[in-house]
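K.L.:
Give the three-dimensional model of this entry:
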Amino acid sequence: MKKRIIASGLLLTLIIGMTSCSEAVERETDASNKEAISEFSLTVNSESNIGMEFTVDDYPIIGNTEYTLTYNRELFEALLCAEDGNEISSHVNYPRETYSRNELENKVKSGEMDMAFIEMTKDEKSFDEELDYTLIGIFPLVFITSYENPVESISSSVLDDMLYEEKINSWSDLGGPAGEIKYVYNTESSNYFETLNRVLSKGEKELNFNLIDKYEDSSLSKDIPFIIELQTRFDDGSYYLTVYNPFRMYFYFSIGDEYAYVKPVYIDGIKPTYDSVKNGEYPYTLYTYAVTRKGEKDKGVTALLDWINKEDTEESLSSSRIKSSIGYINILNILSCESAKQIMENMVYRCEAESYEHAVMPNERDRLPQEEWNKRKELTLENYQEWISLLK
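P.N.:
Below is the predicted model:
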């Protein structure tokens, strides 16, 4: 079996993007191709709704960890605009550096930074009395597999044998078929396994299992083909298993039924619902906080914190795009908006309508006997109801 450390960097972007004054910038990884860093004029994005009184000069100095770098960048791009045709990612203040949690807390206390975004697991939770911590993101790490896989739950007591000791590598050891557990990831889930490792072992162990890298296959590097790939049932009884953000699945359901055939796998029978994640009952969750000085009154800091909290409850799925990399703390509010209601209604309608026009997979309807097609309809509705139940 090969030993694989997953590339870091959470590359999450929701399918529906928030309109901004500049398109998302392609970030070159090759240092020789990076744009020259320079200083140029910025303006506040008028479409951000942060408030007319907020100016560029009010924008706080914000630090981040490696995990929260993506969020800090998305925030910068959502609220500020580059002038004179410049790319905002080349601005001198664009987030680039990463720091440890301890470094960030000290920089905020000393006044070197106005704010910092840090993440903690449940076991890592501790708070400095000189600082304020505002919860801005909750990210559940959930195992996802094909809906046809009979395994419903995994005991936390066997995760060591699965992920570290390489003693469990067959679904039969978990009450399923004799096929292999095929661990897989792509760009969307590139560092979820390492984040899970942090939650499980505090990073003190090294993951040790055969991890299939779908990121290297350009045809599967995008989210949507990857979700379809997860549905695969191999002739020998093998199934794929990945770690994913369950709340992201609702956006796939808005596209079509072909994305409906994956399911969450419970841990110790605990369902990763919105409530179980938020109250800490579901064990594998990462919490993100905005850290500021105790009783901070700075206009820019307070305005930005208010906007971040508001941004998570806007009546639009697209306006909450930037939260995708750290998770939503008000997913119920987001999914109560009209566009989300329409997604849920469409999910049920597709299954209950007498004229079922949406194929389970492209062109499959014409090939399936009516009896098999009816079974697929029933399975689709059952799976939709399962995902909807995670919001309760």
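K.L.:
What is the burial count for residue 236?
P.N.:
9 (other C-beta atoms under 10 Å). Where C-beta positions appear, they are placed from N, C-alpha and C, glycine not excepted.
K.L.:
ok, the closest residue to it other than its chain neighbours - contacts?
P.N.:
Leaving aside its chain neighbours, residue 236 sits nearest to residue 179 (5.0 Å; criterion: C-beta to C-beta, 6 or more residues apart in numbering). Taking C-beta atoms under 8 Å, 6 or more residues apart in numbering as the contact definition, residue 179 lies against 170, 171, 172, 234, 236, 237, 238, 239.
K.L.:
Which PyMOL command selects the buried ones in these?
P.N.:
In PyMOL syntax, the buried subset of the contacts of residue 179 is picked out as below (16 or more other C-beta atoms under 10 Å):
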select buried, resi 171+237+238+239
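K.L.:
Report the two of the contacts of residue 179 separated the most.
P.N.:
172 and 234 (13.9 Å; C-beta to C-beta).
K.L.:
can you give me the helices in the chain?
P.N.:
69-79, 101-110, 159-163, 192-201, 223-229, 249-253, 274-278, 299-311, 331-334, 338-352, 370-389 (DSSP state H).
K.L.:
Mind splitting this protein into its structural domains?
P.N.:
Structurally, the chain divides into domains by automatic domain parsing as follows: 31-139+284-334, 142-279+337-389.
K.L.:
The ones you listed: lowest mean pLDDT?
P.N.:
Mean pLDDT is lowest for domain 142-279+337-389 among those, at a mean of 74.
K.L.:
separation between residue 38 and residue 388?
P.N.:
49 Å (C-beta to C-beta, to the nearest Å).
K.L.:
More neighbours: these two, which one.
P.N.:
Remark: of residue 38 and residue 388, residue 388 carries more neighbours, 16 against 10, as counted by other C-beta under 10 Å.
K.L.:
which residues touch residue 80?
P.N.:
Residue 80 sits next to 42, 43, 44, 45, 56, 59, 88 when contact means C-beta under 8 Å, 6+ apart.
K.L.:
neighbours of the last one, just the number please.
P.N.:
Neighbour count of residue 88, defined by other C-beta under 10 Å: 22.
K.L.:
cool, and residue 177?
P.N.:
Residue 177 has 18 neighbours, counted by other C-beta under 10 Å.
K.L.:
Counting neighbours, what do you get for residue 146?
P.N.:
20.
K.L.:
go on, the one 3 residues further on?
P.N.:
Using other C-beta under 10 Å, residue 149 has 25 neighbouring residues.
K.L.:
So what sits opposite the closest residue to it other than its chain neighbours in the bridge?
P.N.:
Nearest residue to residue 149 in three dimensions, chain neighbours excluded: residue 239, at 4.5 Å (C-beta to C-beta, 6+ apart). Counting by DSSP bridges, residue 239 forms beta bridges with residue 181, residue 233.
K.L.:
so how far is residue 290 from residue 239?
P.N.:
Taken as C-beta to C-beta, the span from residue 239 to residue 290 is 39 Å.
K.L.:
ditto for residue 54
P.N.:
Applying C-beta to C-beta to residue 54 and residue 290 gives a distance of 16 Å.
K.L.:
neighbour count winner among these two?
P.N.:
Set residue 54 next to residue 290 and count neighbours by other C-beta under 10 Å: residue 290 wins out with 23 against 18.
K.L.:
The more buried one and residue 113 touch, don't they?
P.N.:
No: using C-beta atoms under 8 Å, residue 290 makes no contact with residue 113, being 11.5 Å away.
K.L.:
How about residue 203, nearest residue that isn't a chain neighbour?
P.N.:
Here the residue nearest residue 203, using C-beta to C-beta, 6+ apart, is residue 197, at 6.4 Å.
K.L.:
ok, the one you found - contacts?
P.N.:
163, 203, 205, 206, 207.
K.L.:
And these, which two are furthest apart?
P.N.:
163 and 203 (13.0 Å).
K.L.:
Look at these two and report which has more neighbours.
P.N.:
residue 163 (20 against 12).
K.L.:
Report the separation between that one and residue 262.
P.N.:
Taken as C-beta to C-beta, the span from residue 163 to residue 262 is 20 Å.
K.L.:
Please apply the same query to residue 113.
P.N.:
Distance from residue 113 to residue 262, by C-beta to C-beta: 40 Å.
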